[in-house]
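Visitor: Below is the structure, and that's it, no one-letter string:
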DNA sequence: CGCACCCCCTGCCGGC
DNA sequence: TGCCGGCAGGGGGTGC
(Lines give C-alpha, C1' and ligand atoms only; values in the text may rest on other atoms or scores of the structure.)
Protein backbone atom coordinates (compact mmCIF):
# COMPACT_ATOMS: atom_id res chain seq x y z
CA UNK A 1 0.00 0.00 0.00
CA UNK A 2 1.97 2.92 1.23
CA UNK A 3 4.99 4.65 -0.21
CA UNK A 4 6.77 7.72 1.08
CA UNK A 5 3.91 10.24 0.53
CA UNK A 6 1.40 8.03 2.32
CA UNK A 7 3.79 7.38 5.22
CA UNK A 8 4.64 11.07 5.44
CA UNK A 9 0.93 11.97 5.46
CA UNK A 10 0.34 9.54 8.31
CA UNK A 11 3.36 10.88 10.17
CA UNK A 12 2.26 14.49 9.87
CA UNK A 13 -1.17 13.63 11.19
CA UNK A 14 -0.06 11.46 14.06
CA UNK A 15 3.17 13.15 15.22
CA UNK A 16 1.58 16.18 16.93
CA UNK A 17 -0.85 13.89 18.72
CA UNK A 18 1.70 11.46 20.14
CA UNK A 19 4.89 13.48 20.59
CA UNK A 20 5.56 14.16 24.25
CA UNK A 21 2.93 11.67 25.33
CA UNK A 22 3.40 8.58 27.43
CA UNK A 23 2.32 5.16 26.27
CA UNK A 24 0.21 3.63 29.02
CA UNK A 25 -0.72 0.27 27.50
CA UNK A 26 0.19 -1.91 24.52
CA UNK A 27 -2.15 -4.69 23.44
CA UNK A 28 -0.65 -7.14 20.95
CA UNK A 29 -3.51 -9.22 19.62
CA UNK A 30 -1.70 -10.87 16.71
CA UNK A 31 2.06 -11.17 16.58
CA UNK A 32 2.28 -13.31 13.44
CA UNK A 33 3.37 -10.60 11.01
CA UNK A 34 5.79 -11.55 8.26
CA UNK A 35 8.46 -10.81 10.84
CA UNK A 36 6.69 -11.81 14.07
CA UNK A 37 6.30 -9.13 16.72
CA UNK A 38 8.88 -9.87 19.41
CA UNK A 39 7.78 -11.22 22.79
CA UNK A 40 9.11 -8.15 24.60
CA UNK A 41 7.66 -5.59 22.17
CA UNK A 42 4.85 -4.47 24.47
CA UNK A 43 7.16 -4.28 27.50
CA UNK A 44 9.68 -2.15 25.62
CA UNK A 45 6.97 0.27 24.57
CA UNK A 46 4.70 0.52 27.59
CA UNK A 47 5.59 3.34 29.98
CA UNK A 48 7.81 5.16 27.49
CA UNK A 49 7.32 8.68 26.20
CA UNK A 50 7.44 9.26 22.45
CA UNK A 51 9.91 12.13 22.15
CA UNK A 52 9.66 12.50 18.39
CA UNK A 53 7.72 10.73 15.65
CA UNK A 54 9.92 10.59 12.58
CA UNK A 55 10.15 8.93 9.18
CA UNK A 56 12.89 7.37 7.08
CA UNK A 57 11.85 6.07 3.68
CA UNK A 58 8.79 3.92 4.31
CA UNK A 59 9.55 3.45 8.01
CA UNK A 60 7.97 5.42 10.81
CA UNK A 61 10.39 5.88 13.70
CA UNK A 62 9.20 6.75 17.17
CA UNK A 63 12.09 8.08 19.26
CA UNK A 64 11.52 6.83 22.81
CA UNK A 65 12.70 8.46 26.03
CA UNK A 66 15.04 5.54 26.77
CA UNK A 67 16.95 6.13 23.52
CA UNK A 68 15.43 3.21 21.69
CA UNK A 69 13.43 3.43 18.47
CA UNK A 70 9.90 2.26 17.86
CA UNK A 71 9.86 1.12 14.26
CA UNK A 72 6.68 0.78 12.18
CA UNK A 73 6.51 -0.49 8.61
CA UNK A 74 3.08 -0.79 7.01
CA UNK A 75 3.95 -3.34 4.32
CA UNK A 76 1.31 -3.46 1.59
CA UNK A 77 -1.88 -3.14 3.57
CA UNK A 78 -1.01 -1.66 6.96
CA UNK A 79 -2.91 1.23 8.50
CA UNK A 80 -2.28 3.32 11.59
CA UNK A 81 -5.36 5.02 12.95
CA UNK A 82 -5.53 7.46 15.83
CA UNK A 83 -8.73 7.88 17.79
CA UNK A 84 -9.96 9.36 21.05
CA UNK A 85 -10.93 6.80 23.64
CA UNK A 86 -11.39 3.08 23.20
CA UNK A 87 -12.41 1.88 19.75
CA UNK A 88 -14.41 -1.22 18.84
CA UNK A 89 -12.09 -3.98 17.62
CA UNK A 90 -12.10 -4.53 13.88
CA UNK A 91 -10.81 -7.53 11.97
CA UNK A 92 -7.02 -7.32 11.53
CA UNK A 93 -6.51 -4.85 14.37
CA UNK A 94 -3.26 -6.49 15.43
CA UNK A 95 -1.83 -3.96 17.88
CA UNK A 96 -3.49 -1.26 19.95
CA UNK A 97 -1.31 1.36 21.64
CA UNK A 98 -3.00 3.51 24.27
CA UNK A 99 -1.50 6.90 25.16
CA UNK A 100 -2.08 9.09 28.18
CA UNK A 101 -5.11 11.27 27.61
CA UNK A 102 -6.98 8.20 26.39
CA UNK A 103 -5.75 8.39 22.82
CA UNK A 104 -5.58 5.12 20.94
CA UNK A 105 -3.30 4.25 18.02
CA UNK A 106 -4.37 1.09 16.19
CA UNK A 107 -2.25 -0.94 13.79
CA UNK A 108 -4.45 -2.79 11.29
CA UNK A 109 -2.92 -4.96 8.57
CA UNK A 110 -4.94 -7.56 6.64
CA UNK A 111 -1.99 -9.05 4.77
CA UNK A 112 0.39 -8.86 7.75
CA UNK A 113 3.39 -7.85 5.61
CA UNK A 114 4.20 -4.97 7.94
CA UNK A 115 6.62 -4.83 10.82
CA UNK A 116 6.55 -3.53 14.37
CA UNK A 117 9.62 -3.53 16.59
CA UNK A 118 11.49 -1.62 19.28
CA UNK A 119 15.18 -1.55 18.42
CA UNK A 120 18.37 0.01 19.74
CA UNK A 121 19.19 3.30 18.04
CA UNK A 122 22.48 1.88 16.78
CA UNK A 123 20.59 -0.75 14.79
CA UNK A 124 18.48 1.69 12.79
CA UNK A 125 20.59 1.67 9.64
CA UNK A 126 20.58 -2.12 9.53
CA UNK A 127 16.90 -2.44 10.42
CA UNK A 128 15.34 0.47 8.56
CA UNK A 129 17.69 0.75 5.60
CA UNK A 130 20.60 3.05 4.98
CA UNK A 131 19.43 4.63 1.75
CA UNK A 132 19.12 8.40 1.45
CA UNK A 133 15.53 9.48 1.99
CA UNK A 134 13.88 10.36 -1.30
CA UNK A 135 12.66 13.71 0.10
CA UNK A 136 16.08 14.65 1.45
CA UNK A 137 17.93 17.55 -0.21
CA UNK A 138 20.93 15.24 -0.12
CA UNK A 139 19.38 13.39 -3.05
CA UNK A 140 20.68 15.69 -5.76
CA UNK A 141 21.69 15.15 -9.37
CA UNK A 142 25.30 14.45 -8.44
CA UNK A 143 24.34 11.75 -5.97
CA UNK A 144 21.95 10.02 -8.37
CA UNK A 145 24.54 10.20 -11.13
CA UNK A 146 27.07 8.57 -8.80
CA UNK A 147 24.60 5.91 -7.65
CA UNK A 148 23.85 4.92 -11.23
CA UNK A 149 27.42 4.64 -12.53
CA UNK A 150 28.45 1.17 -13.70
CA UNK A 151 25.02 -0.18 -12.79
CA UNK A 152 23.55 -2.44 -15.44
CA UNK A 153 20.17 -2.67 -13.79
CA UNK A 154 17.16 -0.63 -14.89
CA UNK A 155 16.61 2.84 -13.49
CA UNK A 156 13.29 1.60 -12.14
CA UNK A 157 14.94 -1.18 -10.13
CA UNK A 158 17.60 1.22 -8.84
CA UNK A 159 15.07 3.83 -7.71
CA UNK A 160 13.08 1.16 -5.86
CA UNK A 161 16.13 -0.29 -4.07
CA UNK A 162 15.60 0.91 -0.50
CA UNK A 163 19.27 0.37 0.40
CA UNK A 164 20.19 3.17 -2.02
CA UNK A 165 17.18 5.49 -2.05
CA UNK A 166 14.56 5.07 0.67
CA UNK A 167 10.87 5.69 0.15
CA UNK A 168 10.09 5.21 -3.54
CA UNK A 169 7.72 2.42 -4.52
CA UNK A 170 5.84 1.21 -7.53
CA UNK A 171 3.39 4.08 -8.01
CA UNK A 172 5.76 6.99 -7.65
CA UNK A 173 8.58 5.49 -9.71
CA UNK A 174 6.22 5.22 -12.68
CA UNK A 175 4.96 8.73 -12.07
CA UNK A 176 8.32 10.42 -11.59
CA UNK A 177 9.92 8.67 -14.59
CA UNK A 178 7.03 9.94 -16.71
CA UNK A 179 7.64 13.45 -15.49
CA UNK A 180 11.37 13.08 -16.08
CA UNK A 181 10.79 11.73 -19.61
CA UNK A 182 12.87 8.59 -18.97
CA UNK A 183 11.75 5.05 -19.81
CA UNK A 184 11.70 2.71 -16.82
CA UNK A 185 13.82 0.01 -18.48
CA UNK A 186 16.71 2.32 -19.36
CA UNK A 187 20.01 1.00 -18.02
CA UNK A 188 20.87 3.10 -14.97
CA UNK A 189 24.55 3.32 -15.87
CA UNK A 190 23.83 4.82 -19.27
CA UNK A 191 21.78 7.77 -18.05
CA UNK A 192 23.30 11.18 -18.70
CA UNK A 193 23.94 13.70 -15.95
CA UNK A 194 21.07 15.79 -17.38
CA UNK A 195 18.70 12.84 -17.19
CA UNK A 196 19.71 12.21 -13.58
CA UNK A 197 19.01 15.87 -12.86
CA UNK A 198 15.57 15.56 -14.43
CA UNK A 199 14.82 12.42 -12.40
CA UNK A 200 15.84 14.14 -9.16
CA UNK A 201 13.72 17.20 -9.97
CA UNK A 202 10.76 15.02 -10.93
CA UNK A 203 11.13 13.00 -7.71
CA UNK A 204 11.01 16.14 -5.58
CA UNK A 205 8.06 17.53 -7.50
CA UNK A 206 5.97 14.34 -7.57
CA UNK A 207 6.59 13.51 -3.91
CA UNK A 208 5.84 17.04 -2.75
CA UNK A 209 2.64 17.13 -4.79
CA UNK A 210 1.60 13.71 -3.50
CA UNK A 211 2.22 14.75 0.11
CA UNK A 212 0.24 17.93 -0.52
CA UNK A 213 -2.69 15.82 -1.75
CA UNK A 214 -2.44 13.39 1.16
CA UNK A 215 -1.01 10.45 -0.81
CA UNK A 216 -2.69 7.99 -3.19
CA UNK A 217 -5.69 5.93 -2.09
CA UNK A 218 -5.88 3.00 -4.51
CA UNK A 219 -7.64 0.37 -2.44
CA UNK A 220 -7.13 0.58 1.26
CA UNK A 221 -4.82 3.47 2.04
CA UNK A 222 -6.13 5.92 4.63
CA UNK A 223 -4.27 8.51 6.67
CA UNK A 224 -3.93 8.50 10.45
CA UNK A 225 -7.53 9.61 10.85
CA UNK A 226 -9.12 7.33 8.25
CA UNK A 227 -9.18 9.91 5.46
CA UNK A 228 -8.52 9.20 1.78
CA UNK A 229 -5.65 10.67 -0.23
CA UNK A 230 -6.27 12.42 -3.55
CA UNK A 231 -3.09 11.94 -5.57
CA UNK A 232 -4.54 8.95 -7.48
CA UNK A 233 -6.80 11.42 -9.29
CA UNK A 234 -3.77 13.06 -10.89
CA UNK A 235 -1.77 9.90 -11.71
CA UNK A 236 -0.33 10.42 -15.17
CA UNK A 237 0.51 6.81 -16.04
CA UNK A 238 0.14 4.51 -13.02
CA UNK A 239 -2.59 1.92 -13.64
CA UNK A 240 -3.48 3.62 -16.93
CA UNK A 241 -2.28 0.99 -19.45
CA UNK A 242 -4.30 1.23 -22.66
CA UNK A 243 -5.55 4.72 -21.84
CA UNK A 244 -4.46 7.92 -23.57
CA UNK A 245 -1.44 9.78 -22.21
CA UNK A 246 -2.74 12.94 -20.57
CA UNK A 247 0.03 14.96 -22.21
CA UNK A 248 0.24 13.64 -25.79
CA UNK A 249 -2.59 11.16 -26.29
CA UNK A 250 -0.36 8.18 -27.05
CA UNK A 251 -1.59 4.91 -25.54
CA UNK A 252 0.06 4.34 -22.16
CA UNK A 253 2.00 1.06 -22.04
CA UNK A 254 2.03 -1.44 -19.20
CA UNK A 255 4.92 -3.87 -18.79
CA UNK A 256 6.45 -5.89 -15.97
CA UNK A 257 9.87 -4.64 -14.86
CA UNK A 258 11.72 -6.48 -12.10
CA UNK A 259 8.51 -8.23 -11.22
CA UNK A 260 6.38 -5.13 -10.77
CA UNK A 261 3.79 -3.70 -13.14
CA UNK A 262 5.15 -0.56 -14.72
CA UNK A 263 3.51 2.15 -16.77
CA UNK A 264 5.01 4.60 -19.25
CA UNK A 265 4.29 6.68 -22.32
CA UNK A 266 6.40 5.68 -25.35
CA UNK A 267 6.20 9.22 -26.76
CA UNK A 268 6.87 11.30 -23.65
CA UNK A 269 9.58 9.00 -22.30
CA UNK A 270 12.84 8.09 -24.01
C1' DC B 1 25.89 -8.22 -10.09
C1' DG B 2 21.11 -8.77 -11.88
C1' DC B 3 17.12 -11.12 -12.35
C1' DA B 4 13.61 -14.65 -12.46
C1' DC B 5 11.13 -16.97 -9.38
C1' DC B 6 9.67 -18.37 -5.00
C1' DC B 7 7.68 -17.03 -0.39
C1' DC B 8 4.85 -14.35 3.13
C1' DC B 9 -1.09 -13.05 3.46
C1' DT B 10 -5.91 -11.30 2.63
C1' DG B 11 -9.09 -9.01 -0.33
C1' DC B 12 -10.97 -7.58 -4.55
C1' DC B 13 -12.10 -7.77 -9.32
C1' DG B 14 -13.14 -9.73 -13.74
C1' DG B 15 -14.25 -13.71 -16.39
C1' DC B 16 -16.82 -17.67 -16.89
C1' DT C 1 -25.06 -15.81 -8.09
C1' DG C 2 -20.70 -18.18 -7.11
C1' DC C 3 -16.23 -19.94 -7.87
C1' DC C 4 -11.50 -19.29 -9.43
C1' DG C 5 -7.43 -17.21 -11.11
C1' DG C 6 -4.83 -13.19 -11.15
C1' DC C 7 -3.31 -9.27 -9.19
C1' DA C 8 -2.26 -5.66 -5.49
C1' DG C 9 1.14 0.20 -2.94
C1' DG C 10 5.80 -4.22 0.72
C1' DG C 11 10.23 -6.92 1.34
C1' DG C 12 13.29 -11.10 1.60
C1' DG C 13 15.47 -15.38 0.06
C1' DT C 14 17.45 -18.66 -3.37
C1' DG C 15 19.61 -20.18 -7.37
C1' DC C 16 21.22 -19.41 -11.98
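Guide: All right, it came through fine. All values reported here derive from a predicted model rather than from experimental measurement.
Visitor: give me every residue that touches the residue of the stretch 1-150 of chain A found nearest DNA strand B.
Guide: At 3.3 Å from DNA strand B, residue A:111 is the closest residue in the stretch 1-150 of chain A, using Cβ to the nearest atom of the strand. Yep, even glycine has a C-beta here, placed from its N, CA and C like the rest. Residues counted as contacts of residue A:111 (Cβ atoms under 8 Å, 6 or more residues apart in numbering) are A:75, A:76, A:77.
Visitor: Tell me which of those fall in helices.
Guide: Assigned to helices by DSSP state H, none of those qualify.
Visitor: DNA strand B next: which of the residues you listed are close?
Guide: residue A:77 (Cβ under 7 Å from any atom of the strand).
Visitor: Can you list the helices and strands that the lowest-mean-pLDDT helix or strand in chain A packs against?
Guide: Using mean pLDDT, DSSP states H and E, the weakest-scoring helix or strand in chain A turns out to be helix A:124-128, at a mean of 90. In terms of contacts (3 or more Cβ pairs under 8 Å, 6 or more residues apart in numbering; DSSP states H and E), helix A:124-128 is packed against strand A:59-64, strand A:69-73.
Visitor: Is it possible to get a markdown table of those that adds mean neighbour count?
Guide: Formatted as a markdown table, these follow (neighbours: other Cβ atoms under 10 Å):
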| stretch | mean neighbour count |
| --- | --- |
| strand A:59-64 | 22 |
| strand A:69-73 | 22 |
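Visitor: Residue A:258 is in contact with residue A:157, correct?
Guide: Yes - assessed by Cβ atoms under 8 Å, residue A:157 is found in contact with residue A:258 at 4.4 Å.
Visitor: ok, these two, which is more surrounded?
Guide: residue A:157 (17 against 14; other Cβ atoms under 10 Å).
Visitor: What separation do you get for that one and DNA strand B?
Guide: Separation of residue A:157 from DNA strand B (Cβ to the nearest atom of the strand, to the nearest Å) stands at 4 Å.
Visitor: Which SSE is immediately downstream of the helix or strand hosting that residue?
Guide: If you go by DSSP states H and E, residue A:157 is part of helix A:155-160. Per DSSP H and E, the first helix or strand lying C-terminal to helix A:155-160 is strand A:165-166.
Visitor: what does that next one rub up against?
Guide: A:4, A:56-59, A:129, A:131-134, A:139, A:147, A:158-159.
Visitor: For the stretch 101-250 of chain A, what lies in contact range of DNA strand C?
Guide: So far as Cβ under 7 Å from any atom of the strand goes, the stretch 101-250 of chain A lies against DNA strand C at A:111, A:113, A:160, A:162, A:169-171, A:215-221, A:229.
Visitor: 10 Å instead?
Guide: The interface of the stretch 101-250 of chain A toward DNA strand C, taken as Cβ under 10 Å from any atom of the strand, is made up of A:110-115, A:126-129, A:131, A:160-163, A:166-174, A:215-222, A:228-229, A:231-232, A:238-239, A:241.
Visitor: Restricted to helices, list these.
Guide: Checking those against DSSP H, those in helices are A:126, A:127, A:128, A:160, A:170, A:171, A:172, A:173, A:174.
Visitor: how far does the longest helix seen in chain A sit from the chain's center?
Guide: When every helix of chain A is counted residue by residue (DSSP H), the longest turns out to be helix A:193-212. Relative to the centre of its chain, helix A:193-212 is centred 16 Å away, using Cα atoms, centre = their mean, to the nearest Å.
Visitor: immediately after it, which helix or strand?
Guide: Following helix A:193-212 in sequence, per DSSP H and E, is strand A:253-257.
Visitor: Thanks again, I'm all set now.
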